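Visitor: Need a 3D model of the sequence below.
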Amino acid sequence: MARRSFRGRRVVLTGAANGIGAATARRLLDAGATVATLDRDGDTLDHLARQLGPAFRPVTGDVRDPEALRRTVAAIGGSVDGLVVNAAHADLAPVIGGDADEAEEMIEINLLGAWRTLREVVPALRRPGGRVVLVTSTSVAVTPQLYGPYAASKAGLEGLANAFTIEVRPHGISVGLLTLHSVDTPTYQRVIGDERLQPMVDRLPPVAFRAMSASDAARAVIRALASNRRRTFAPWWAALPLLSPVLTQAGFDAVGRLTGATRLPAGAAAIPDPVPADDRSATAS
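Guide: Numbering: from 1, shown residues only. Model (predicted):
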């Protein structure tokens with residue numbers, strides 16, 4: 001699908017209330033597409049709908065809810081030309097300690113939500129010729145401290161996409177993974193400003209935290225949707241960490257130890273004290 005061919009196309013885009021999704025919706029609409037989107041932020045969706053007009057079809061709901069996904073497909077008329085799996089939740093969470101609900105929500109939305117999106121939307125996708133784009137992250141190749149649950153969810157998404165690509169190929173559906181580095185959104189600013197990451201921010205070169213705009217990320221989404229390529233990267237050098245994830249992570253770990261960049265403030269990822277073992281002598285008979 002070249003840009004001019006989006007006219008008359010129907011695209012389902014998850015997570016379009018803010019950031020990358022909102023910018024992508026605007027570009028798709030400018031290119032003549034009709035866009036149905038599912039997002040939990042109903043107030044922002046309604047505000048966008050007043051700005052963007054009737055070709056923008058907002059549905060308030062959660063990608064973990066199959067019924068909400070079915071309503072999104074119905075909002076676009078029950079037939080879909082393209083699907084962009086963009087909805088995601090990002091925050092910092094230690095593997096042990098911290099808020100377990102926060103970590104579980106990331107994994108549920110970013111991985112299980114994507115799985116449910118594929119299950120509910122792909123049966124409505126045009127065959128042959130339908131296109132699916134799943135948005136992932138360089139964090140699958142190099143994972144800083146406190147990014148564990150987020151990176152795990154995105155790594156799981158890559159595995160899901162690999163199997164899914166093989167399964168739908170006989171039906172004429174193409175699948176692309178879009179790997180993004182940092183994108184300047186309110187979520188990114190909140191995460192990178194967290195005091196627990198300040199040793200990393202203070203000690204690594206500023207280029208490590210240079211983020212592209214949401215508009216540039218949306219341009220990459222459109223590029224991925226308009227092609228049949230298996231992989232798209234934005235910026236281009238986001239491909240480099242994935243060439244050898246083992247070496248990339250090892251290098252990051254080594255630099256982190258030498259510079260103190262991966263050092264955590266006291267208590268930032270505290271491991272709870274072990275529960276005392278039962279006193280077996282008290283229960284022995």
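Visitor: only C-alpha atoms for contact and neighbour calcs from this point on.
Guide: Noted.
Visitor: if I look at the most centrally placed residue in the chain, how far off is residue 236?
Guide: By C-alpha atoms, centre = their mean, the chain has its centre lying nearest to residue 88, at 4.4 Å. When C-alpha to C-alpha, to the nearest Å is the yardstick, residue 88 and residue 236 sit 22 Å from each other.
Visitor: count of neighbours near residue 157?
Guide: Counted by other C-alpha atoms under 10 Å, the residues lying close to residue 157 total 24.
Visitor: and if you look at residue 8?
Guide: Here the neighbour count serves as a burial measure; for residue 8 (other C-alpha under 10 Å) it reads 12.
Visitor: next one: residue 160
Guide: Counted by other C-alpha under 10 Å, the residues lying close to residue 160 total 15.
Visitor: Need the three-state assignment for it.
Guide: In terms of secondary structure, residue 160 is helix; the call rests on DSSP: H, G, I helix; E, B strand; the rest coil.
Visitor: Please determine how far the nearest residue to it once chain neighbours are set aside is located from residue 189.
Guide: Leaving out its chain neighbours, the residue that sits closest to residue 160 by C-alpha to C-alpha, 6 or more residues apart in numbering is residue 115, at 7.6 Å. For residue 115, the distance to residue 189 under the criterion C-alpha to C-alpha works out to 28 Å.
Visitor: The two - which one has more neighbours?
Guide: Relative neighbour count places residue 115 above the other of residue 115 and residue 189, with 19 against 12, counting by other C-alpha under 10 Å.
Visitor: measure that one to residue 75 for me?
Guide: Between residue 115 and residue 75 the distance, using C-alpha to C-alpha, works out to 20 Å.
Visitor: With residue 83 instead?
Guide: For residue 83, the distance to residue 75 equals 14 Å [C-alpha to C-alpha].
Visitor: circling back to that earlier point, the residue nearest to residue 160 sits in which helix or strand?
Guide: Under the criterion DSSP states H and E, the helix or strand holding residue 115 is helix 113-121.
Visitor: Rounded mean pLDDT for that helix, please.
Guide: In this model, helix 113-121 has an average pLDDT of 98.
Visitor: got it, and stretch 180-187?
Guide: 94.
Visitor: Settle it for me: which of residue 83 and residue 75 has more neighbours?
Guide: More crowded of residue 83 and residue 75, by other C-alpha under 10 Å: residue 83, with 26 against 18.
Visitor: Which secondary structure elements does the strand or helix carrying that one sit against?
Guide: Here residue 83, judged by DSSP H and E, is contained in strand 82-85. Using 3 or more C-alpha pairs under 8 Å, 6 or more residues apart in numbering; DSSP states H and E as the contact criterion, the elements in contact with strand 82-85 are strand 10-14, helix 113-121, strand 131-137.
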